[in-house]
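Engineer: compute the structure for the input listed below.
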Amino acid sequence: MRNSITSTNPILPGFYPDPSVCRVDNDYYLVTSTFAYFPGVPIFHSKDLVHWNQIGNILTRKEQLPLVNAETSEGIFAPTLRYHNGTFYMITTNVTPTNDLSNFIVTATDPAGPWSDPYPLDSAGIDPSLFFDDDGKCYYCGTQNRREGSRYFGDNEIYIQELDLKTMKLVGESYPAWHGALRGVEWPEGPHIYKKDGWYYLLISEAGTGHNHAVSIARSKSLKEPFEGHKANPILTHRHLGHNYPIVNVGHPDIVETQNGEWWMVCLASRTCGGYYRNLGRETFLVPFIWENGWPVINPGKGIIEDTFTLPNLPSCSVDPVPAKEDFDCTDLPMNFLFLRNPKEENYSLVNRPGFLEVTLDADTLSSKGTPSYVCRRQLSFDFMAETLMSFEPKAENEQAGIAIYQSQSFNYQLLVGKEGDRSTLSLVKTYKDEVETISKTILDKSYSEIYLRISETRQDLTFTYSFDGKVYLTLADHVDARMLSTDVAGGFVGNTIGLYATSNGKPSTTVAAFDYFTYR
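Structural biologist: Okay, the predicted model is just below:
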């Protein structure tokens, strides 16, 4: 027994929203949303529900994940992961207007991949889920406008329809299962079905993914009859705790029973900082629950997610720490690195100059919906330091390269080396509500061949510094407001990423920026 040992939330810090979990014997697997980032849908493995190792990404090919012109908060919404008879199934929605894939399923026998090409579904709504019944039949569960007519935007129904696993097509009649628990509810979504003690349970989120987010549950004896809501709904929310509570926006759960008979819930939530939240995005949290009189009781006696919790009664599990420093002494980028939209593979090389990541400048910029030369990691904390050592000689005034912190194409900061006449410059570029401006600039000494670029954050204050020797750092700008990189200001569903960036600002270029390492600590 390990029930006196504690751990801390979130179990996956940073931009890891919409978690879905499943158990296969004594192993646990978890996936999260990625929106307009590529590759899509990271998959993690654990033995104890607390310590997770990323074992791959599910959507690794453009054919699986077209993201042309996707807004940063479009792309992949809310995947569900399930296992049945030796096969893993991942179902999700690609919310990209230029793509006609919409809801689809991919499968694999090895969760680390490779995963199949998509099986497209003729289905409505977001947040689809799968349920495998005792008789071997599979059911699709999703959201759509109420079939009798929606009274307002977000007035949806949860519906259920059989899925033929041989054809991967929906068959038969669809059944309206539930409209949510609250009077005038908006956005009943994220449905998952479970079966326990002869009851089918339908677990959903309501009231949108912001401060009013809440978790509700209903049950029925049949998948073809309306579900009855729990009289104690919502069973989990933090909206009554105020905007400054350390953990807010709680919702979008999935549940799992351990091999020892314990029940646990994964869900998304956000951490606040200085009155603002979601600089880090929606993160993955863990909370225990029990069943009482046929219904879940979340974190008995407390009813909320806590930053510290007692570990599940499961064998200890080690985790391979993600190195703070990536030296690029490899032929493939680590699986936790991301690109914006579908990358142009020819713009990146780890072999042309061993020990360096070479990035070819692209005409697209971070402030567009194109495919910029940008490779990044998630921001995991309100206090961090990110740094790189870059070799770059701009050949024209439109050419720039450096390091950036990015919330969306409409809100970001870029620390960039550039050129004015015969002089090299270092500029801090700010994108705010799609308006791009240089807010600080300095002329660089001609004699340098490499430059260290660093972004630091303390709570909601950003500092941008540089060095020529890696010892003495000069400040280009400090006390730069990071609040604009929160969804309170920027909107959307994603957290921040920090990465290496090279652009020719709308013009063709073959110039290369070489990065010796990338540190996030």
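Engineer: for the residue of the chain most remote from its centre, give me the pLDDT.
Structural biologist: What lies farthest from the middle of the chain is residue 422; by CA atoms, centre = their mean that is 42.2 Å. In the prediction, the pLDDT value recorded for residue 422 is 89.
Engineer: one more: the one 5 residues further on?
Structural biologist: According to the predicted model, the pLDDT of residue 427 comes to 98.
Engineer: next, the buried residues of the helix or strand hosting it.
Structural biologist: Following DSSP states H and E, one finds residue 427 within strand 423-432. Within strand 423-432, the residues scored as buried using 16 or more other CB atoms under 10 Å are 424-432. Every residue, glycine included, has its C-beta placed from N, CA and C.
Engineer: so what strands line up beside the helix or strand following it?
Structural biologist: Per DSSP H and E, strand 423-432 leads on to strand 435-443 as the next helix or strand towards the C-terminus. Strands that pair with strand 435-443, judged by DSSP bridges, come out as strand 423-432 (antiparallel).
Engineer: low-confidence ranges in the chain?
Structural biologist: Across the chain, the ranges flagged by pLDDT under 70 are 1-3.
Engineer: surely residue 40 and residue 65 touch.
Structural biologist: Yes - using CB atoms under 8 Å, residue 40 is in contact with residue 65, at 4.6 Å.
Engineer: got any residues that touch both of these two?
Structural biologist: Common neighbours of residue 40 and residue 65, using CB atoms under 8 Å, 6 or more residues apart in numbering, are 59, 75-76.
Engineer: what is the nearest of the buried residues of strand 423-432 to residue 503?
Structural biologist: residue 429 (10.0 Å; CB to CB).
Engineer: just give the nearest non-adjacent residue to that closest one, would you?
Structural biologist: Nearest residue to residue 429, sequence neighbours excluded (CB to CB, 6 or more residues apart in numbering): residue 414, at 4.2 Å.
Engineer: same question for residue 152.
Structural biologist: Going by CB to CB, 6+ apart, residue 152 has residue 186 as its nearest residue, at 7.6 Å.
Engineer: and the one you found, what does it touch?
Structural biologist: By CB under 8 Å, 6+ apart, residue 186 lies in contact with 152-155, 206-208.
Engineer: need the residues you listed in a markdown table (columns: secondary structure and distance to residue 27).
Structural biologist: Below are the contacts of residue 186 laid out as a markdown table (DSSP: H, G, I helix; E, B strand; the rest coil; distance: CB to CB, whole Å):
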| residue | secondary structure | distance to residue 27 |
| --- | --- | --- |
| 152 | coil | 43 |
| 153 | coil | 41 |
| 154 | coil | 37 |
| 155 | coil | 40 |
| 206 | strand | 32 |
| 207 | coil | 34 |
| 208 | coil | 34 |
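Engineer: contacting residues for residue 121?
Structural biologist: Counting by CB under 8 Å, 6+ apart, residue 121 has contacts 91, 102-105, 128, 140, 163, 168-170.
Engineer: mind redoing it with 10 Å?
Structural biologist: Contact partners of residue 121, counting by CB atoms under 10 Å, 6 or more residues apart in numbering, are 91, 93, 101-105, 128, 140, 142, 161, 163, 168-170.
Engineer: quick one: stretch 44-53 to chain centroid distance?
Structural biologist: Centroid separation for stretch 44-53 versus its chain: 17 Å, with CA atoms, centre = their mean, to the nearest Å.
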